[in-house]
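Student: sequence-free structure coming up:
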RNA sequence: GUGGGUGUGGCCUAGUUGGCUAAGGCGCCAGAUUGUGGCUCUGGAGAUCGUGGGUUCGAGUCCCAUCAUCCACC
């Protein structure tokens, strides 16, 4: 396979099993991607990530551009070399952070101005600036700069976000030149199906114009703007149709979703890739995923429970440590507690998607889906 | 032994010149967490104010006694 080729190994209903080639090896979908915002998956070493079967690791342009700076990452030989992870990597553009972190931000047609969360300094990004920064960081996959509207938002506001994100998609695609890196476009449109489909149409038109002019195409497509506070089922009113409106020959990446049941449902709708802070963030707060639902390890009922965290789990944490010990670590705010639960939660989602892939390859995704939904953990997520 | 200080939920404290259901932090118990500003956020339980008397319409606040504890001095 050539760089950024995408092969479809199997489908089962709308669910897909893809293989995608990057400069740092191939990855297989469906897939969950651990989030390493500041060039680290908090509490987890690159070696552990590999052992867990992690494929793509995320980093964040917003954070890295501020600390330690994109030029420094480039001087280190790029993000892979800097953090010593030699597998595929992806950088989020920072569009979401500008929406979620900055109290003061100003969007205009040409770009966005905001204040750094680190030192309050004024930062100005055009789509071209953002592409230059992501090329310096050097992940295998870059994301376009976009505008992620909050929820709820007026239809007019969401429509303008689609306009702006589309315009920026075209500029990002034109500005992006690094040959060993590909660029994903991002679909917006909030909870409005027609705006979502319009967003998809514009991305495809932008790509066609680019190709006609001898330019590049998108390596895949992010589906952004979901899981921003809406009720759980609202996303599924439009997700499937949106996902399947995207080109079949490239990956579809539902951004920011990490709830196990949501993953299982979204794969059934034709989504291939996910990322989320949920497994590692909740781990740091003492919550573990399990085959029987969410567990709050701070609960007193685990005080003298010397059994494994999840008897059905094969991860290093469950193979080695008891619930009582993990509760003790969490209650004492010991860093090892956050580490061990992060390892476990990442394994849970990575393994869940690996089993989803097996089901697709076996042509039995519907059975896998039904089994999960009927299982003891489904309602908890 | 003498003089002085202090005793308020598991711990540390706030409680103004005595006045409505004794406040806060930590801890404890539970919930939240979705393109990471997260030892975060939300809620809950828990106090016969050392003990026993007294003054007063009313005492955690004043008086007496007693116990505990700390400091200083013999």
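Tutor: Yep, it's here. Just so you know, these numbers come straight off a predicted model, no measurement behind them.
Student: grab the nearest non-local neighbour of the closest residue to RNA strand B within the stretch 101-250 of chain A.
Tutor: When scored by Cβ to the nearest atom of the strand, the stretch 101-250 of chain A has residue A:148 as its residue closest to RNA strand B, at 2.6 Å. Glycine gets a C-beta too; all of them are placed from N, C-alpha and C. In this structure, residue A:148 finds its nearest non-sequential neighbour in residue A:99, 4.6 Å apart by Cβ to Cβ, 6 or more residues apart in numbering.
Student: how near is the residue of the stretch 101-250 of chain A closest to RNA strand B to residue A:8?
Tutor: Counting by Cβ to Cβ, to the nearest Å, the gap from residue A:148 to residue A:8 is 29 Å.
Student: of these two, who's got more company?
Tutor: A count of neighbours by other Cβ atoms under 10 Å puts residue A:148 above the other of residue A:148 and residue A:8, at 22 against 15.
Student: any weak-confidence spans in chain A?
Tutor: A:102-103 (pLDDT under 70).
Student: centroid residue for it?
Tutor: Taking Cα atoms, centre = their mean, the centroid of chain A lies closest to residue A:275, which sits 2.3 Å from it.
Student: does that one touch residue A:255 like I think?
Tutor: Yes - assessed by Cβ atoms under 8 Å, residue A:275 is found in contact with residue A:255 at 6.6 Å.
Student: thinking again about what came up before, so who does the residue nearest to the centre of chain A touch?
Tutor: By Cβ atoms under 8 Å, 6 or more residues apart in numbering, the contact set of residue A:275 is A:32, A:33, A:34, A:35, A:58, A:90, A:253, A:255, A:256, A:257, A:258.
Student: now it: phi and psi?
Tutor: When quoted as degrees, to the nearest 10, the phi and psi of residue A:275 stand at phi -140, psi 150.
Student: for RNA strand B, see how far away it is.
Tutor: For residue A:275, the distance to RNA strand B (Cβ to the nearest atom of the strand, to the nearest Å) stands at 6 Å.
Student: residues in contact with the residue of the stretch 251-381 of chain A found nearest RNA strand B?
Tutor: Nearest residue of the stretch 251-381 of chain A to RNA strand B (Cβ to the nearest atom of the strand) works out as residue A:256 at 2.2 Å. Residues near residue A:256 by Cβ under 8 Å, 6+ apart: A:96, A:224, A:226, A:227, A:228, A:275, A:276.
Student: sort out for me which of the residues you listed are in helices.
Tutor: residue A:96 (DSSP state H).
Student: by neighbours, which of the contacts of residue A:256 wins?
Tutor: Most neighbours among the contacts of residue A:256, by other Cβ under 10 Å: residue A:224, with 30 neighbours.
Student: which parts of the stretch 1-150 of chain A sit against RNA strand B?
Tutor: Residues of the stretch 1-150 of chain A lying close to RNA strand B by Cβ under 7 Å from any atom of the strand are A:35-37, A:41-42, A:58, A:60, A:62-63, A:92-93, A:95-97, A:99-101, A:103, A:117-118, A:143, A:146, A:148.
Student: what about 6 Å?
Tutor: Near RNA strand B, the residues belonging to the stretch 1-150 of chain A are A:35, A:37, A:42, A:60, A:92-93, A:95-97, A:100-101, A:103, A:117, A:143, A:146, A:148 when assessed by Cβ under 6 Å from any atom of the strand.
Student: repeat that for the stretch 201-350 of chain A.
Tutor: Counting by Cβ under 6 Å from any atom of the strand, the stretch 201-350 of chain A sits next to RNA strand B at A:222, A:224-225, A:227, A:232, A:255-259, A:262, A:275-278, A:280-282, A:284-285, A:287, A:296, A:298-301, A:331, A:333.
Student: are any of those residues buried, and which?
Tutor: Listed as buried from these are A:222, A:224-225, A:227, A:255-259, A:262, A:275-278, A:280-282, A:284, A:287; burial here means 16 or more other Cβ atoms under 10 Å.
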